[in-house]
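Visitor: got a predicted model here, sequence first, then my questions.
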Amino acid sequence: MSSLADSRLRTAKLWLAASLGLLVTACQGAVLNPAGDVAREQRNLIYISTGLMLLIIVPVMILIVVFAWRYRKGKGGTYDPDFDHSTSLELLIWSAPLMIIIALGALTWSSTHLLDPFRPRDKTASLRSNIPVEKPLVVQVVSLDWKWLFIYPEQGVATVNDLVLPVGRQVRFDLTSSNMMNTFYAPTMAGMIYTMPGMQSSLHAKLDRPVDSFGMSANYSGAGFSDMRFRIRGVSNQQFEAWIGGAQGGSRLLDLATYRQLVKPSEKVPPMLFRRVDDDLFRRIVERCVEPGTSCMSEMMHGGGGHGSMPRMGPKAEGALQKAPEDKGTGKNVTAPADPDAAPGPSKPNSPANRNMTLGNPPAHLRHPAAVRA
């Protein structure tokens, strides 16, 4: 009997140690140790949402014990088998969760607009202070099988599985994928965003302290998915410029032929550095015309695809989700009908025109084309 008790005690200690270990590990995790403003706001959302939900969970767990003890059947208990309704209890049960749901909904709505990945991080502050927004560092991201390609188009260098960024400068990531949907996940910097072949997405972020962290793929994409990780290094501007200078003095070139070799599936790829990059490479990756003999979509839309090619289209307008609230205008959401008297509808419910079905008839020359020709 004593040995059984000792065994149970040892098991309980092991479970307690494992639970504490997991708790400490979670506290030191990348998600809860942000190095960028976006990641910090996302962490705060986790804290606030968890706190709001605990306002219900904790009282419910306590009241389960209290009710079981107080309303027990037996000596000292308040047992009432005829109880069926309590107005005050109903108000408490429904009002508290409703208020928490409203708070969570408002928090979700505001954070969705505030953390819009297409929205520059300094745009709102610039509008308020009339200080021009600093030009962001552009990094083109391509998810390959099973590695990450980072292209610095303005600096003319590229890396594989190694992302180096200056601290305090806004970064705009242009993201795409080679042949399957993936997810760019940088937990210490800016959360995650999907990458899709033939499409380009954007993500704005900024590191606010030096960091040596990691990023990964958060979407299963095949055999090498678990090792599809990359290093994130946040350095000072001087260190970044020195790193760019050293990268430009390397020996590897990233042209179309090299990319076609790089895009082949490979696992556990060590960091690689390229000193010069084809200026048109990222566009060709997005438009899926890297292979010889394939036509790019932009060439077809400009009429360069031969007979039957698509007509040229104008620039795409900036969507409302990509604008700051200060940039959005105001106006009516419903366009008034051209002729209110022709179809009064709800404005005049009793109008005879609402029952006049001849308004939907076609003109005379369409109803009787033979008579018109005669």
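Guide: Now that the structure is in, tell me what you want to look at.

Visitor: quick one: buried residues of stretch 279-290?
Guide: For stretch 279-290, burial by neighbour count (16 or more other Cβ atoms under 10 Å) applies to 281-290. To be clear about C-beta, it is placed using only N, CA and C from the backbone, and glycine gets the same treatment.

Visitor: and the end-to-end length of that stretch?
Guide: 13 Å (Cα to Cα, to the nearest Å).

Visitor: how far does that stretch sit from the chain's center?
Guide: Centroid separation for stretch 279-290 versus its chain: 23 Å, with Cα atoms, centre = their mean, to the nearest Å.

Visitor: about what we covered before: closest to Arg260 among the buried residues of stretch 279-290?
Guide: Comparing those against Arg260 with Cβ to Cβ places Val290 closest, at 6.4 Å.

Visitor: and that closest one, what is it in contact with?
Guide: Applying Cβ atoms under 8 Å, 6 or more residues apart in numbering to Val290 gives the contacts 256, 259-260, 263, 281, 284.

Visitor: and of the residues you listed, the nearest to Ala190?
Guide: Leu281 (23.8 Å).

Visitor: the nearest residue to that closest one once chain neighbours are set aside and Ser298, how far apart?
Guide: Leaving out its chain neighbours, the residue that sits closest to Leu281 by Cβ to Cβ, 6 or more residues apart in numbering is Tyr259, at 6.2 Å. Separation of Tyr259 from Ser298 (Cβ to Cβ, to the nearest Å) stands at 18 Å.

Visitor: show me where pLDDT drops low in the stretch 101-250 of the chain?
Guide: 122-133 (pLDDT under 70).

Visitor: quick one: the strands in it, in order.
Guide: 137-144, 147-152, 157-160, 162-166, 170-177, 182-186, 191-195, 201-206, 211-217, 229-235 (DSSP state E, counting those that start in this stretch).

Visitor: packing partners for the fourth one?
Guide: This means strand 162-166. strand 137-144, strand 147-152, strand 229-235, helix 237-248 (3 or more Cβ pairs under 8 Å, 6 or more residues apart in numbering; DSSP states H and E).

Visitor: can you give me the helices for the stretch 51-200 of the chain?
Guide: Along the stretch 51-200 of the chain, counting by DSSP state H, counting those that start in this stretch, helices occupy 87-114, 123-129.

Visitor: circling back: would TSV of the strands of the stretch 101-250 of the chain with distance to Asn33 and mean neighbour count be doable?
Guide: Below are those laid out as TSV (distance: least, Cβ to Cβ, whole Å; neighbours: other Cβ atoms under 10 Å):
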stretch	distance to Asn33	mean neighbour count
strand 137-144	22	22
strand 147-152	22	23
strand 157-160	24	24
strand 162-166	17	21
strand 170-177	19	21
strand 182-186	13	24
strand 191-195	14	19
strand 201-206	16	20
strand 211-217	8	19
strand 229-235	13	19
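
Visitor: any idea which of those gets closest to Ala96?
Guide: Judging the strands of the stretch 101-250 of the chain by Cβ to Cβ, what sits closest to Ala96 is strand 191-195, at 30.5 Å.

Visitor: mind listing what the closest one pairs with, with the direction of each?
Guide: strand 182-186 (antiparallel) (DSSP bridges).

Visitor: check contacts around Asp227.
Guide: 146, 267-268.

Visitor: list the buried residues for stretch 64-84?
Guide: Result for stretch 64-84 [16+ other Cβ under 10 Å]: no buried residues.

Visitor: same drill for Tyr259 and Ser298, tell me which one is more crowded.
Guide: Shown here are Tyr259 and Ser298; by other Cβ atoms under 10 Å, Tyr259 has more neighbours (21 against 16).

Visitor: what kind of secondary structure is that one in?
Guide: For Tyr259, the secondary-structure state derived from DSSP: H, G, I helix; E, B strand; the rest coil is helix.

Visitor: quick one: contacts for the spatially closest residue to Met297 that is not a sequence neighbour?
Guide: Leaving aside its sequence neighbours, Met297 sits nearest to Glu287 (Cβ to Cβ, 6+ apart; 4.6 Å). Neighbouring residues of Glu287 by Cβ under 8 Å, 6+ apart: 198, 296-298.

Visitor: for Lys73, same thing?
Guide: Tyr79.

Visitor: next up, phi/psi of it, please.
Guide: Here is the backbone geometry of Lys73 (degrees, to the nearest 10): phi -90, psi 120.

Visitor: break this protein into its domains for me.
Guide: 17-78+87-114, 129-308 (automatic domain parsing).

Visitor: closest to Ser351 out of these?
Guide: domain 17-78+87-114 (39.5 Å).

Visitor: gap between the closest one and the chain center?
Guide: That offset, for domain 17-78+87-114, works out to 24 Å (Cα atoms, centre = their mean).

Visitor: any low-confidence regions in the stretch 251-374 of the chain?
Guide: 301-346, 354-374.

Visitor: one more time with 80
Guide: 251, 293, 297-374 (pLDDT under 80).

Visitor: mean neighbour count, the helices of the stretch 51-200 of the chain: which tops it?
Guide: helix 123-129 (a mean of 13; mean count of other Cβ atoms under 10 Å).

Visitor: sorry, back to before: could you export the buried residues of stretch 279-290 as JSON lines, including secondary structure and distance to Val66?
Guide: Converted to JSON lines, those look like this (DSSP: H, G, I helix; E, B strand; the rest coil; distance: Cβ to Cβ, whole Å):
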{"residue": "Leu281", "secondary structure": "helix", "distance to Val66": "66"}
{"residue": "Phe282", "secondary structure": "helix", "distance to Val66": "62"}
{"residue": "Arg283", "secondary structure": "helix", "distance to Val66": "66"}
{"residue": "Arg284", "secondary structure": "helix", "distance to Val66": "67"}
{"residue": "Ile285", "secondary structure": "helix", "distance to Val66": "62"}
{"residue": "Val286", "secondary structure": "helix", "distance to Val66": "61"}
{"residue": "Glu287", "secondary structure": "coil", "distance to Val66": "65"}
{"residue": "Arg288", "secondary structure": "coil", "distance to Val66": "63"}
{"residue": "Cys289", "secondary structure": "coil", "distance to Val66": "68"}
{"residue": "Val290", "secondary structure": "coil", "distance to Val66": "67"}
